[in-house]
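1. Quick one: sequence plus predicted model below, questions after.
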Amino acid sequence: MDGNFRQTGLEDNEARTFGITSYNYYGEVSDFEPANMWIGTIGIGVRPDRNTSLVRVYHRYRQADRNDDLFSSDLEIDPEGDDATLGQEIDLIFAHRPNKMTKLSVTLGVFDPGDAFDRDADPAWLAKFKIAYRF
């Protein structure tokens with residue numbers, strides 16, 4: 001144990017953009033815990049009508065101190081510990097509410113591993129489709 005603060009497990013990594021659907025604001029594919037990490041994020045969203053939104057989010061990840069372990073992530077690989085550059089991710093979130101009872105959303109994302117990972121590490125992809133029906 002290194003004595004640094006860690007997330008309690010009660011924290012939330014979800015945000016709503018334009019109020020239609022939520023997404024993981026630290027990244028949909030990687031879903032990093034922000035421990036020993038710098039996360040740069042920029043996003044843009046449009047709401048063409050009251051019931052539709054489209055959001056594009058870009059993340060750049062870097063470890064504060066090089067380490068060969070990630071504290072929590074949905075990635076199945078660990079960094080090698082030789083470089084701090086973890087990589088970058090782009091997420092695209094589309095949501096539509098056809099009526100008051102139904103919400104549809106599609107999330108697409110890709111994480112491109114940086115120099116912290118093995119040179120042969122492949123990008124990680126995510127495609128998620130959700131239907132929510134309220135009765």
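-> Sure thing, it's come through. Every value quoted in this text rests on a predicted model; they were computed, and no experiment measured them.

2. Which helix or which strand is home to residue 43?
-> strand 37-49 (DSSP states H and E).

3. same question, residue 34
-> Going by DSSP H and E, residue 34 is not in any helix or strand.

4. Hmm, it is touching residue 27, no?
-> No. Between residue 34 and residue 27 there is no contact under CB atoms under 8 Å: 10.3 Å. All C-beta atoms are positioned from the backbone trio N, CA, C, and that covers glycine.

5. Which one's more surrounded, the two?
-> Set residue 34 next to residue 27 and count neighbours by other CB atoms under 10 Å: residue 27 wins out with 27 against 15.

6. Run through the residues that contact the more buried one.
-> When contacts are counted by CB atoms under 8 Å, 6 or more residues apart in numbering, residue 27 touches 39, 57, 59, 61, 89, 91, 109, 111.

7. repeat that for 6 Å
-> 59, 89 (CB atoms under 6 Å, 6 or more residues apart in numbering).

8. Assign it to helix, strand or coil.
-> State at residue 27, reduced to three classes by DSSP: H, G, I helix; E, B strand; the rest coil: coil.

9. Point out where this protein drops to low pLDDT.
-> 1-12, 17-19, 69, 71, 76 (pLDDT under 70).

10. Relative to residue 77, how far out is residue 120?
-> 10 Å (CB to CB, to the nearest Å).

11. need the strands for this protein, in chain order.
-> 14-17, 21-24, 37-49, 52-63, 85-99, 102-113, 124-133 (DSSP state E).

12. The longest one pairs with which strands?
-> Translated: strand 85-99. strand 52-63 (antiparallel), strand 102-113 (antiparallel) (DSSP bridges).

13. just so I know, which of these lies nearest residue 85?
-> Of all the strands paired with strand 85-99, it is strand 52-63 that lies closest to residue 85, at 5.6 Å by CB to CB.
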